[in-house]
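Engineer: fold the stuff below for me.
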Amino acid sequence: MELVIKIAAIGIIVAVLQQILSRSGRDEYALLTVLAGVVAVIAMLLGELSDVLSTISAFVDF
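Structural biologist: Here you go, the predicted structure:
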């Protein structure tokens, strides 16, 4: 549940920053902000996926 809240918080922050930058005419920075948010979320998910795979492999070894 904690991971979902973190991802939602990143999404809200990125959305607000993207809107602010887009409306001020800085579309390039808005795109970079969105890409940075996506990369941050993917990095978080990869860490959790690693934990899930190690748990699964521990059960398979039995």
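
Engineer: any chance you could map the helices in this structure?
Structural biologist: Under the criterion DSSP state H, the chain carries helices at the ranges 2-23, 27-60.

Engineer: could you dump the ones you listed into a markdown table and include mean neighbour count and mean pLDDT?
Structural biologist: (Glycine included, C-beta is placed from N, CA and C.) Converted to a markdown table, those look like this (neighbours: other Cβ atoms under 10 Å; pLDDT from 0 to 100):
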| stretch | mean neighbour count | mean pLDDT |
| --- | --- | --- |
| helix 2-23 | 13 | 96 |
| helix 27-60 | 12 | 93 |
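
Engineer: centroid-nearest residue for this structure?
Structural biologist: In the chain, the residue lying closest to the centroid (Cα atoms, centre = their mean) is Val41, at 1.4 Å.

Engineer: how far away is that residue from Ile5?
Structural biologist: 13 Å (Cβ to Cβ, to the nearest Å).

Engineer: same thing with Thr33?
Structural biologist: As defined by Cβ to Cβ, Thr33 lies at a distance of 20 Å from Ile5.

Engineer: ok so, going back, I'd assumed Ile10 was in contact with the residue nearest to the centre of the chain.
Structural biologist: Yes. With contact defined as Cβ atoms under 8 Å, Val41 reaches Ile10; the gap is 5.8 Å.

Engineer: how about the residue nearest to the centre of the chain, what does it touch?
Structural biologist: 7, 10-11 (Cβ atoms under 8 Å, 6 or more residues apart in numbering).

Engineer: which of the residues you listed lies closest to Val60?
Structural biologist: Closest approach between the contacts of Val41 and Val60, by Cβ to Cβ: Ile7, at 28.2 Å.

Engineer: who are the contact partners of that closest one?
Structural biologist: For Ile7, the contact set (Cβ under 8 Å, 6+ apart) comprises 41, 44.
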